[in-house]
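Trainee: got a predicted structure here, sequence first:
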Amino acid sequence: MALLVAVADSVFPNLDLARAVVARAGAELRLSPQATPEAIVATARDADAVLVTYAKINGDMIGQMKKCKIISRFGIGVDNVDLEAATRQGIVVTKVPDYCIDEVSDHAMALLLSLIRKIPASSARAHAGRWEMPAVVPIHRLRGTVLGLVGFGRIPQLVAPKAKAFGMRVVASDPYVAQPVMQQAGVDKVEFAELLKIADYVSIHSPLLPETRHLFSTAVFNQMKPGALIVNTSRGPVVDEAALAAALDSKQIGGAALDVLEQEPPVSSPLFGRDNVILTPHTSFYSVESLEELQTKAAEEVVRVLSGQPPRNPVNPEVLAASRGK
C-alpha cells in the first residue's frame, strides 16, 4: 500500500514540486479540499505524514492521526501546530527556517526606508495632484541613526549589513545569541531595555511565543525613544495594535510599517487609514524562488522521515531521541 502524505492547506499555485519529491519515497500526495479541522482530519486520518501552511493543527486533530510520523510546516514558525500533542503522540514536527531569509530581510529594509522617507504618503499625494513637500516634512538623514533588531536569527543577520550599508549603527537584543556572533557581524549586543532607549528604528524579528505575545505593549512603547519608528515582519501578535495606535496618537511612536497583523486578514484595525503606517499583506516571505524552495525543502523533510532518516530541522527533537531508545 502506497504511503500517503496529506496537505492540510496550500498557498502554492500547484503542488507539483512537493508531489515529485514525495514520490521518491513511494508516497502519494493528497490535498484537503478545505482548511477546516473536519476536512483536514478526513484527509489526514490515515496519512503517514502531513504538510501544513497556515491551518491550525490542534491536539484533537493530532489525536486522530494515528499513522502520522511527521508534520512538516511550509514555513519558519510552527505556532499553528500543537507541539505538545504531537510530541506526546511521537510525531516529529519540522520547519523550513532558511527559505526566505533574503526576501524578508529585503522587505524589512524596504519597509523601513519607505517609512523613513515617507514614500507611500508622498506617492499618494502626488497621484492626487498634490505636488507638495511641506506635507511630508520633516524627513531625517539615515546615516548616523541607530537601528535596533529584536532577535538576531537568520533574517536579522541579513538585515544588519543592509542597514550598515546606509550608514546606520546596528544594535541587537537576543538572549539566545552570543556576543561574539553579533560582534563578528559588526552589531552591538544590548539588553532589550537599552535597545528601546537608544534605537531610532526598531525592527522586530521575534518568534511568537507566550512570552513574546504583545511584547510591544504600552509599557514598551513608553520606553522607546520619542518619535521612534517600528517595523514588524515577524508575527502580528508580537505587537499590541491597540497600544501601538495609542502610541501613534500621542506621537510617542513616529510611525510603523507592518507586514503582519494580529488578525489576518484583518476585519478592521485602529492602524488603518494613517499616513504614518505602512501595511503589506504578509508578503515579506514571497518570491517565486522562495516558494519553490519552501515547497521542496518541506517535502524533503517528509521523505527523510518516511525513509528512516532524521529530519534536518526538527522542532521537537526529543521525539527522535525517544524513538532511537526503543
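Mentor: That came through, no problem. Residues are numbered from 1 along each chain as shown.
Trainee: which SS class is the nearest residue to E264 once chain neighbours are set aside?
Mentor: With CB to CB, 6 or more residues apart in numbering as the measure, H282 is the residue that lies nearest to E264, at 5.9 Å, once sequence neighbours are left out. (C-beta placed from N, C-alpha, C; glycine too.) Each residue gets one of three states, and H282 gets coil by DSSP: H, G, I helix; E, B strand; the rest coil.
Trainee: now do the host helix or strand of L158: everything it contacts.
Mentor: Secondary structure from DSSP states H and E places L158 in helix 154-164. In this structure, residues lying in contact with helix 154-164 by CB atoms under 8 Å, 6 or more residues apart in numbering are 97-98, 101-102, 104-106, 108-109, 112, 147, 149, 170, 172, 185-187, 203, 205, 233.
Trainee: which residues touch the residue nearest to E264?
Mentor: Under the criterion of CB under 8 Å, 6+ apart, the contact list for H282 reads 259-261, 264.
Trainee: so how far is G77 from it?
Mentor: Using CB to CB, to the nearest Å, we find H282 at a distance of 12 Å from G77.
Trainee: now swap in L115 and tell me
Mentor: L115 sits 24 Å away from G77 when distances are taken as CB to CB.
Trainee: check S217 too.
Mentor: From S217 over to G77 (counting by CB to CB), the distance is 21 Å.
Trainee: check contacts around the residue nearest the centre of the chain.
Mentor: Centroid check for the chain by CA atoms, centre = their mean gives S234 as the closest residue, at 3.9 Å. For S234, the contact set (CB under 8 Å, 6+ apart) comprises 151, 204-208, 260.
Trainee: ok, back up a step: restricted to buried residues, select the contacts of helix 154-164 in PyMOL.
Mentor: Buried residues within these, by 16 or more other CB atoms under 10 Å, are selected in PyMOL with:
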select buried, resi 97+101+104+105+106+108+109+112+147+149+170+172+185+187+203+205+233
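Trainee: show me where the protein has helices.
Mentor: With DSSP state H, the ranges of helices along the chain come out as 16-23, 37-44, 59-63, 83-88, 101-117, 119-127, 154-164, 179-184, 192-198, 218-223, 241-249, 288-306, 318-324.
Trainee: out of these, nearest to F272?
Mentor: Ranking those by distance to F272, with CB to CB as the measure, places helix 241-249 first at 9.5 Å.
Trainee: same question for the closest one: list its buried residues.
Mentor: For helix 241-249, the neighbour count (16+ other CB under 10 Å) marks 241, 243-245, 247-248 as buried.
Trainee: between those, which sits nearest P33?
Mentor: If you rank the buried residues of helix 241-249 by distance to P33 using CB to CB, E241 comes first, at 33.1 Å.
Trainee: now do the same contact list for the nearest residue to that closest one once chain neighbours are set aside.
Mentor: For E241, ignoring the flanking residues on the chain, the nearest one in space by CB to CB, 6+ apart is E262 at 5.5 Å. When contacts are counted by CB under 8 Å, 6+ apart, E262 is found next to 236-237, 239, 241.
Trainee: equivalent analysis for F221, please.
Mentor: For F221, the set of contacting residues under the criterion of CB under 8 Å, 6+ apart consists of 243-244, 246-247, 252-253.
Trainee: measure it to H214 for me?
Mentor: In this view, F221 and H214 are 11 Å apart by CB to CB.
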